[in-house]
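missing the sequence, but the structure's below:
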């Protein structure tokens, strides 16, 4: 059973460029969330997708956008890249209706490390 | 957003128990206490969660104070593989996947 897979694992961009990161959720999961993790910090929530719609959003500018496809996979797009966007971008998936008394965990991928020069 | 406070780092020797503390004095009645850990070069992984009662699973135990303003993650016998950053997170029962991570506790385990 494959877990959460993300691509690419590493990429380098220059300021002003645009980037697309991809995520396939764990089998049986239909909800995907994206997180940004700067060096030495904990992950920060960007947004969550369910039924192909953005359901909740963290404190990130509109340059950060996403999409969810009918097969539940998801993309994170970042436009007009800034140096400060350099980070590890993590995708997490969960089932729609987890049982609070059974795990209720998010499954994270290993991330895509973005370097902006 | 509810916040937690953890020590920046802790050390342990292999095969010894480890107690990782977390303060969450502003916890609300609907907040569950979750613990995740992040091994080097990996995404976070779920460890355990609880509401009021102490909890045990194959990875760890979670001891929750009676007033719920603090909790302790217990690793009964630390191994080298347990070296990671441990995050204590409050998660509302409304089932949001928005986890608020702090900077966590970096656990070093020595052979």
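That came in fine, so what should we check first? Quick caveat, the model's predicted, so the values are computed rather than measured. Residues are numbered from 1 along each chain as shown, chains lettered A, B, ... in the order given.

Do me a favour and average the pLDDT over stretch A:65-79.
Averaging pLDDT along stretch A:65-79 gives 97.

That stretch: end-to-end distance?
One end of stretch A:65-79 sits 8 Å from the other (Cα to Cα, to the nearest Å).

Just grab the bridge partners of residue B:9 for me.
Residue B:9 has these beta-bridge partners by DSSP bridges: residue B:106.

gap between the nearest residue to residue B:16 once chain neighbours are set aside and residue A:37?
For residue B:16, ignoring the flanking residues on the chain, the nearest one in space by Cβ to Cβ, 6 or more residues apart in numbering or on different chains is residue B:78 at 5.8 Å. Using the backbone N, CA and C atoms, a C-beta is placed for each residue, glycine as well. Remark: distance between residue B:78 and residue A:37 (Cβ to Cβ, to the nearest Å) = 25 Å.

Kindly report the same for residue A:14.
Going from residue A:14 to residue A:37 by Cβ to Cβ gives 21 Å.

Which of the two has more residues huddled nearby?
Of the pair residue A:14 and residue A:37, residue A:37 is the one with more neighbours under other Cβ atoms under 10 Å in any protein chain shown, namely 19 against 10.

Which strand residues bridge that one?
Beta bridges link residue A:37 to residue A:88 when assigned by DSSP bridges.

Next up, the contacts around it.
A:43-44, A:87-90, A:111 (Cβ atoms under 8 Å, 6 or more residues apart in numbering or on different chains).

First-to-last residue distance for stretch A:14-31?
31 Å.

Run the contact check for that stretch versus chain B.
Yes - contact of stretch A:14-31 with chain B (Cβ under 8 Å from any Cβ of the partner chain) involves residue A:31.

can you pull the buried residues of that stretch?
Using 16 or more other Cβ atoms under 10 Å in any protein chain shown as the test for burial, stretch A:14-31 gives A:19, A:21, A:23-26, A:29-31.

Check chain B and tell me which residue is nearest its centre.
residue B:35 (3.5 Å; Cα atoms, centre = their mean).

How about chain A?
Nearest residue to the geometric centre of chain A (Cα atoms, centre = their mean): residue A:34, 2.6 Å.

What segments of chain B are strands?
Assigned by DSSP state E, the strands in chain B fall at B:9-13, B:18-23, B:31-38, B:45-50, B:55-56, B:61-64, B:70-75, B:84-92, B:105-110.

Would you mind naming what in chain A lies close to chain B?
So far as Cβ under 8 Å from any Cβ goes, chain A lies against chain B at A:4, A:31, A:33, A:35, A:40-45, A:48, A:56, A:58, A:90, A:92, A:94, A:98, A:100, A:103-111.

Sort out which of these are buried, if you could.
By 16+ other Cβ under 10 Å, these give A:4, A:31, A:33, A:35, A:42-45, A:48, A:58, A:90, A:92, A:94, A:98, A:104-111 as buried.

Give me the subset of the residues you listed lying in strands.
Per DSSP E, strands hold the following members of these: A:31, A:33, A:35, A:44-45, A:48, A:90, A:92, A:94, A:107-108.

Tell me what residue A:13 is bridged to.
Per DSSP bridges, the residues bridged to residue A:13 are residue A:116.

Sorry, wrong one. I was asking about residue A:49.
Under the criterion used (DSSP bridges), residue A:49 bridges to residue A:32, residue A:54.
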